[in-house]
Each structure stands twice: as structure tokens, then as C-alpha cells.
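K.L.:
Prediction below, plus the sequence it came from.
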Amino acid sequence: MKPLFTFNNSKKAPKNDQPDRAVPVSRPLSHSLEANLLELQQGVGKSSDVVFRRIGQITDKFPLALVYINGLVNSDKVNQAILQPLTESTDLKEKEMTAEAAFNLIQDQIVKVSDMAELKTFETLQASLFEGNTVILTEGMNRALAADTAGWEKRSITEPSSHGVIRGPKESFTEDLRTGTALLRRRIKSPDLRVEEYKIGQRTQTSIAIVYLKGIADEEVLAELRRRLNGINTDRVLGSNYIEELIGDGGLTPFPTIQNTERPDAIAGGVLEGQIGILIDGTPFSLLAPSVFFNFFQSVEDYNQRFDISSFLRIIRYLSFFVSMMLPALYIAITTFHQEMVPTTLLVSLAAQREGVPFPALIEALMMELTFDVLREAGVRMPRAIGPAISIVGALVLGQAAVQAGLVSAAMVIVVSFTAICNFVIPAQTMANVIRLLRFLMMLIAGILGLFGIMSFLIVLLIHMAGLHSFGVPYLKPVAPMTPRYLKDIFIRAPHWMMKTRPKIAAAQETQKQSSVPEVKPADRSSQHKEDDSP
Amino acid sequence: MIQKISTAQAAMLVFNAIAPTATVVLPIILGTYLEQDSPIGILFSACVGMAIAALIGSIIKYNQGAPFLEWIGKRSSRWLAVVLGIFLLQYYLDASAAIMREFVNFLKDNVLLQTPVFVLVGTSLLIIIYAAHKGIEAIARVNSILVLLYLLFLPSFMFGLGDYLNVHRLLPMFQHSFASVTLASLTPVAWMSEVSILLFLAPYLKSPDKARRIGWIGLLFVTVIMQIIMLTTLMTFGPEYLKSSTYPGFVTFDIIHFGNFWENLNIVFISYWILSVYMKLAMFLFATLECFKQTFRVRENGPYLIGLALIIAAECLFTWKQPAKLNEFNAQGRFPVYMLINVLIPLSIYLCCLVKRTVAKRKGQAA
């Protein structure tokens, strides 16, 4: 079926809708050093951070020039590994030396940098400069050398700020892509771990790496991801959400179809389950695809503590999801339309509280919810020093004063507060935000049509989610369509020794996570350890 | 890519194509004729339903899950397929309108007493249009979640009624004649014949050769649920109440309470029932659209889907305005119409196929 609305994302962007391109058609380098330098200077303009360093006089047989961008390179490395060897080399001054031989000599012997590349066009040369490389241009050669001297200031690895855990690794990704891939390599020491890199954004040329396990990740999903990444036609990628929105499924759906996290163990876990990690240079937040609805209720903490408490917490999360989405709406529906559901004593108590309130339950709830969202947004933006003060004013003073002034009932304050707390239980912020939005719609419809409205809204949501896919994987999988053996890690978290196979994603083969033959039960395992320990 | 549904999903679709309205309407119809023998009526109608499911399944197996009317057109004549298609389209439009009216009447009587009917119809219409637009895969997925929720509701229902059940209210058994059982079972049989919706779901089945099994499993579930509701209602209130209440099944829900803190739980069950009816309506709208597309050989969905839904809404609002008229149709008119469309026409087609196959075999042997 064709979608009702089509979202004009990059995958389907018409060809005439190209952003203006900064990079013109490919231009080859000249044999003249001066011409190359002039062209390059014209290309980058009068940028004060671009350094042009000549070595030797113009009358020399092989004058050279180094070009690099100050701040993007490690100055010590440039001085010690390139500049010093070049200036001290006597071989370059031999009379029989040809330009080709000099070029090879610089590449193979003189420059002490491990990662060297040859460049033939101005475009690759410019791109190489922006990567933090030092470009070496020589007279008489229409090729240049790029030495990897990247060394800009980087933030060190810190504890994740958005996904904290009690028992688990305390590392998070940084803004540096290479640090991210290294953190993953440290966790998955397998030759099957593949890292494919893309440059996306005509002006930002942001590096993006997709990380997957060969033989575990589904080839169809991989192909689709590559197609979508290659189809992106934008001039900028400044964060993970740019990519998430440009390659995500569902058009205008509020539901996320790609997970984001700053935890390397979460990405590693996903990759080991057959998902594909997407790391983006310049942001500590990485993406995981395909992601289904139930992935957003799983936390890395679940796997770092015992299965029983993890299962309990997961059930709490699902309950919180429903409470967070529906509690204010149910309160409105019951107090407005279905009072007969409430026991008489409770009904009398609620009626007494609402006696002086001048607004209908819907308006009362909307006011309180909006106030809470204002406070929450203020809490995020305000300076940290005054945060607690605002929280006290918002939560205590405003709430208490509103009840005493008779603007809202005490029961409504309890409902809104509990709803807000439940919202924080959901581990994925993207999913929690969806619920925030849906809650308002549900409250409105509950105020108009009561429980019938709530049920109608729920069925619309269910149908919507049932029709959603993430890279070809049904969004409600493995519940609808139902695959009972994959439910071990959905509503509960079964013990690790029970989860022997990884869930089959799309058309991929179901693969073994743990050996099933011979089956080793926990009791047997402990006795096995004792035997191993014995001398 | 054509959407596909599994055998289990299809069986659940059959279940929800019958159960939601059957649980509301049938207890009173059966109770009027059979009183405490009503469960026998359900069993009798289930047996006939199984036979109808076998017939429908055989046709689907025979045509290998091909679109029904296109297959008829190829096997006989295009015009026959068009005429048959118009008949079926009329049936599906009528059936959908009747279901919607039953739904709206129930809401008006029990849930939203002040809300105008057109608001309820309009809301329902928008939802089923959206569901049918999303396709049978999405409908089947949501439907399977709802059916699985029975696992949650049934135990709490039985637990809640535990104190009120009195087996003696089922006695004396077998007091009614076979003629009464047959008479009482006519309307339930008409309901069971709705299994024929499989004819229009067939192109979307992953295994069309299992269509018979799909029908049987779906009907078995319907029978079990109907028996539970009928038996609990009888054991709670007795046969006399069954005849006097408009919605006896739901009144049973009404008396369930947990402790002193949660009472009048019928609204919870009604909420669940609302979701089930949406699924049924979505399925029927989808089948109506399929019938329309196959009859008039159109490929587009959008405009026709909205058009057909509006016809259903108009029929629901104006043809079945009087509840008494709808009840009369359910009691008397439904059986002949449903038998003609869901049983006699498929049976004729199946017999024709058998005859053709036998003739072809004989010709082959002679050659």
C-alpha cells in the first residue's frame, strides 16, 4: 500500500533538489610547484590557519612545500617527522636525482610517518588537508604526498552523561570517530568486525562509519543502509540526528526506528546481536539499526545484573510506559465520563477535592502538564547553579500554591507528578519524548470521547506501529509477527545461558550465541570450575 | 511487495471476524429459543460452521490462493465474475454497515449515552479507513496482539465470577427438541459462515493450502469463547435473565469486582471489546475493497477505500437507524442472505469445479 503521506527525505530526493556544491569537478595537479601552490591558495582563500611552508629556494633543483592546517595537525609530529628530515636530508641534493626519484625517496625513506597517501587532484588534496594531513608538494611532480599528522584537541573518554549505569562500563564515546571505532575494537576482538567509512555532507564532509559483524549482520539490511547513506544529499551533518532523520523509516511517524546511544557497550551488544552501528564524527552519540519498538525498553544495565532483577525492572519499564502515556487521560476519562468505575468512597474524595476547582478535568490536566514541561525545559537550559532553586520553586511552591489557590486539585498534582516520574523510567530518551507528545493527544481525545476515545487512539497507534518497519524489520517484531522463541529478551530478560541463539533479523540466518551441545547448566558449570581450579 | 500473513495470524483474523459481534448478539437469540440448552445450540452451529470452513478452504486450496473473482473470471466468464462480484460487494457493504450499527448502538446504550451517533460513526470510520489503508499485514499483527490479550482477560473474568457461578442453573439439560435447537442455531450459523471472508484474504495467505485448517482453528476459538460466555452467563443469572437482557454477556462483566477498591469492571471489558470490533470492521472494509478491486479490475486503493467507507457509513446511519429493524434482520433476514452468499454460491462454484475436473479426467483417460 502506498503511504498516506510521503516524507521528502534524502532517499527520495528529486535530482533537481541538489544543495549548492562547494567542490567543483576534479582538477589534476600540475607539474609546477608554484602553479599548484597558487591554485591551492586560491582554493582556500586568505585563511589564516592554513600554513604554506616552503623548503629550499626556488632556484634549488627540487624545491618543496608543506601545506597543513594549524590546529588540525600535531605540530610536534610535523616538525619531527616531516620538516626536520626534509631539511636535513642530503640525498635530495644529489645532482643525478630525478623528480620521480626524489618523490619516492621522500615517501619511502625521508618522511617518518606511517600512514602516507598519494594525491593527484586538488579536490583530494583539499579534503586531505581538512582531515588533518600534511601535504607535501614537490617541483616537477603532478602528484602530492599526504602524511597523516592529524592531532587536534580531543575530549578524553568520560562517563556517559545520558545513559548511566550502576554496574557496567563507565566509558562513553567521544566526538572523535577513531576513538569510537577503537572502543568497539577493544570490545569485539574479531576479524569479522567490519568498519566501512563514508563522507557525508558536501560542505561538512563528515566521516561516518558503519560497524557490523560479517556473517552476523543481515546482508539485505546492510545493502539498504548503504543505499540510504549513499543517497543522502545534504550539505551538512553536524550530529547523529541528521543521519537518523535522513535514513530512518516511517516518514512522519513520531516513533524512532533507530536507537541512539553514547555507550560503546550498547553498540557492541547491538552489533553482536546482528544490528549495525553507525558512528558519526563530531558527536558522541552513535546509532543502531535496525531497531524495533522493544529495543527502546532494553538497557545495557539489564545484562550487567542478574536476570531476575533485570526482568522485574523491564516489566516496570513497560508499566511506566503505559502509565506515562495514559494516566492523565484515564483520570480525565474516568472523572468526566465513567464515574461508575470508581468506588464510592474514592469518588466522594475526588469530588470533594475538585469542588472548588473552576476548570474541567481536561483543562486542569493540560495546564499542569504544560507547566511541568515548561519547568523541565527550563531545567535543561538554565545554568546549573540555579537549577535546584528553580526545581524547588516549580515542584513545591507552584504545585502547593496552585492546590491551595483552588486552581487544581491535589489528585491532579499527584497524577501529573507520577506521570512525569514514570516518563523518566524509560531508558531511551527518544521513546520517552514520543510519549510526552502522545500524552497530550490522548488527554484531548479522552476529554472529548472518554474511554472510547482512549481505546480508539490506542488502536490507531497499534495499527500505525504494526505498519512500521525499521530497515525492513517489522517494528513490533517479535511480538507481531509473533516469534515465541525470541521473547526471552523482550518483556523479561532470560538468563544468559538460556539465550543460545541471537534473534533473526530480516532475512539473516538465525545464529548461535552460545554452544548448546553439550548443554551446561549453572549447577554443572560451578562444579566444572572447581575441577578446572584444581591443580 | 505483496503483504503476507501466516496461518496463525489468519486463524486469529477468522476468530475476530466472528467473535466480537457474536458475543453481543448471539446470547439473547440463542437464549430466547433454547434457554439453558443454549450451549448445545452453539455446538450445533459450530459443527455447521466447520463444514462451511471446509468448503471455503477447499475452494482456496483448489485455486491456490488466487484472487477469488479473477479466478472465477478465468475459469468461466468475465461477466459472471462481475455479476458475482456485485452481489458479494453488496453483501460486504451491508454486513459492514450492520456491524458498525451494532457497534454504535452498543456504545450509545452503554458507554457514551450523550454523544451523537454520527460522531461515533465518523470516529470509527476514520480508524477503519486508516487500518484498511495500512493493509492486511498490519491488521493481522494488531489482531494477533488483541487475541492474545484473551489470555489476560479470560482468567480474570473466570476468577472474578467464581463466587457467582451455580451449575444448577444449567439444569434440566436437553429439555428442548432438536427442532428448537435447529431453529435457534440458524442465526449463529449465519455468523459462523462469516468464515467465508477467507476467500478475499486468500491471496495474502503464506500457505493457502492450509485455508481449511485456518477456518477450523478460528471457528474452534469462537466456539470456546462463546461457550465460556454463554455458560458463565447462564450459571450466574439463569436462563430467564438471558431472555430479558439486551446484552447479557456484558451484564456478567458488570458484577465482577476485585475487593472493595475496583468495581464495575464491565468498562474494562467493553474497552477491550471496542478494540476487537475495530479489527472486525477493518477486516470487513478490507474485504469490501478487495471485492471491489477484483470485480472492477482496479489497482488503486485510496479513493475507492474512502468511497466504500462512506457508503458503509451512510447505510449504517440511515438504513439501520431503528435498532428494532436491525434486530429483526439479525433474527430473520441474516440467515438466508448469509447462507446464499457464504455457502450456496461457494458450494455451487466448488461443485462446478469438481464436475469440470471429473470431465477433464475422463477425457484424459479416453485420449
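P.N.:
It's in.
K.L.:
Residue B:345 and residue B:208, how far apart?
P.N.:
19 Å (Cβ to Cβ, to the nearest Å). (C-beta placed from N, C-alpha, C; glycine too.)
K.L.:
Please read the previous query as pertaining to residue A:206.
P.N.:
Applying Cβ to Cβ to residue A:206 and residue B:208 gives a distance of 49 Å.
K.L.:
List the buried residues of the top helix by length along chain B.
P.N.:
Counting residues, the longest helix found in chain B (DSSP state H) is helix B:78-110. Neighbour-count burial for helix B:78-110 flags B:81-82, B:84-85, B:88-89, B:91-108 (criterion: 16 or more other Cβ atoms under 10 Å in any protein chain shown).
K.L.:
Please apply the same query to stretch B:193-213.
P.N.:
Buried-residue list, stretch B:193-213, by 16+ other Cβ under 10 Å: B:193-205, B:208, B:210-213.
K.L.:
mind listing the strands in the stretch 1-150 of chain A by residue range?
P.N.:
Ranges of strands in the stretch 1-150 of chain A, per DSSP state E, counting those that start in this stretch, are A:50-55, A:64-69, A:116-119, A:133-138, A:144-148.
K.L.:
Any idea how far the helix or strand following the last one is from the middle of the chain?
P.N.:
Moving toward the C-terminus from strand A:144-148, the next helix or strand (DSSP states H and E) is helix A:177-187. With Cα atoms, centre = their mean, to the nearest Å as the basis, the distance from the averaged C-alpha position of helix A:177-187 to the chain average is 15 Å.
K.L.:
Output the set of residues of chain A in proximity to chain B.
P.N.:
Within reach of chain B by Cβ under 8 Å from any Cβ of the partner chain, chain A has these residues: A:1-2, A:4, A:337-338, A:340-341, A:343, A:346, A:449-456, A:458-460, A:462-464, A:466-467, A:474, A:476, A:479-482.
K.L.:
can we see that at 6 Å?
P.N.:
Contact residues (Cβ under 6 Å from any Cβ of the partner chain) of chain A with chain B: A:1, A:338, A:340-341, A:343, A:451-452, A:455-456, A:459-460, A:462-463, A:466-467, A:476, A:480.
K.L.:
Count the neighbours of residue 285 for me.
P.N.:
The chain I'm using is chain A. A count of nearby residues for residue A:285, using other Cβ atoms under 10 Å in any protein chain shown, gives 19.
K.L.:
Not quite, go with chain B.
P.N.:
By the criterion of other Cβ under 10 Å, residue B:285 has 26 neighbours.
K.L.:
That one: which element?
P.N.:
Under the criterion of DSSP H and E, residue B:285 resides in helix B:266-296.
K.L.:
So which other helices or strands are in contact with the longest helix of chain B?
P.N.:
helix B:68-75, helix B:117-134, helix B:266-296, helix B:302-314 (3 or more Cβ pairs under 6 Å, 6 or more residues apart in numbering or on different chains; DSSP states H and E).
K.L.:
among these, which is the most enclosed?
P.N.:
Mean neighbours per residue, mean count of other Cβ atoms under 10 Å in any protein chain shown, is largest over the helices and strands packed on helix B:78-110 for helix B:266-296, with a mean of 23.
K.L.:
Which residue ranges of the stretch 401-535 of chain A form helices?
P.N.:
Per DSSP state H, counting those that start in this stretch, the stretch 401-535 of chain A carries helices over the ranges A:410-425, A:429-467, A:522-533.
K.L.:
Pick the most buried one from the ones you listed.
P.N.:
Comparing the helices of the stretch 401-535 of chain A by mean count of other Cβ under 10 Å gives helix A:429-467 as most buried, with a mean of 20.
K.L.:
interface residues of the stretch 151-300 of chain B facing chain A?
P.N.:
Contacts of the stretch 151-300 of chain B with chain A, taken as Cβ under 6 Å from any Cβ, map to B:261, B:263-264, B:267, B:271, B:274-275, B:278.
K.L.:
Would you reformat the residues you listed as TSV and include pLDDT?
P.N.:
Listed next are those as TSV, based on pLDDT from 0 to 100:
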residue	pLDDT
B:261	66
B:263	70
B:264	70
B:267	78
B:271	87
B:274	91
B:275	93
B:278	95
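K.L.:
the bottom helix or strand of chain A by mean pLDDT?
P.N.:
Ranking every helix and strand in chain A by mean pLDDT, DSSP states H and E puts helix A:522-533 at the bottom, with a mean of 46.
K.L.:
I meant to write chain B there.
P.N.:
Every helix and strand in chain B was compared by mean pLDDT, DSSP H and E; the lowest is helix B:248-254, with a mean of 75.
K.L.:
Show me what that helix is packed up against.
P.N.:
The criterion is 3+ Cβ pairs under 6 Å, 6+ apart, and the helices and strands that helix B:248-254 contacts are helix B:7-34, helix B:211-237, helix B:266-296.
K.L.:
Make a markdown table out of those helices and add distance to residue A:73.
P.N.:
Formatted as a markdown table, the helices and strands packed on helix B:248-254 follow (distance: least, Cβ to Cβ, whole Å):
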| stretch | distance to residue A:73 |
| --- | --- |
| helix B:7-34 | 60 |
| helix B:211-237 | 68 |
| helix B:266-296 | 63 |
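K.L.:
Minimum distance to residue A:423: which of these has it?
P.N.:
Across the helices and strands packed on helix B:248-254, residue A:423 has its closest neighbour in helix B:266-296 (23.2 Å, Cβ to Cβ).
K.L.:
Now find how far off-centre that closest one is within its chain.
P.N.:
With Cα atoms, centre = their mean, you get 9 Å for helix B:266-296.
K.L.:
Repeat that for stretch A:335-350.
P.N.:
A distance of 46 Å separates the centroid of the chain from that of stretch A:335-350, by Cα atoms, centre = their mean.
K.L.:
Not counting its own residues, what contacts it?
P.N.:
A:334, A:361, A:411, A:450-451, B:261, B:263-264, B:267 (Cβ atoms under 6 Å, 6 or more residues apart in numbering or on different chains).
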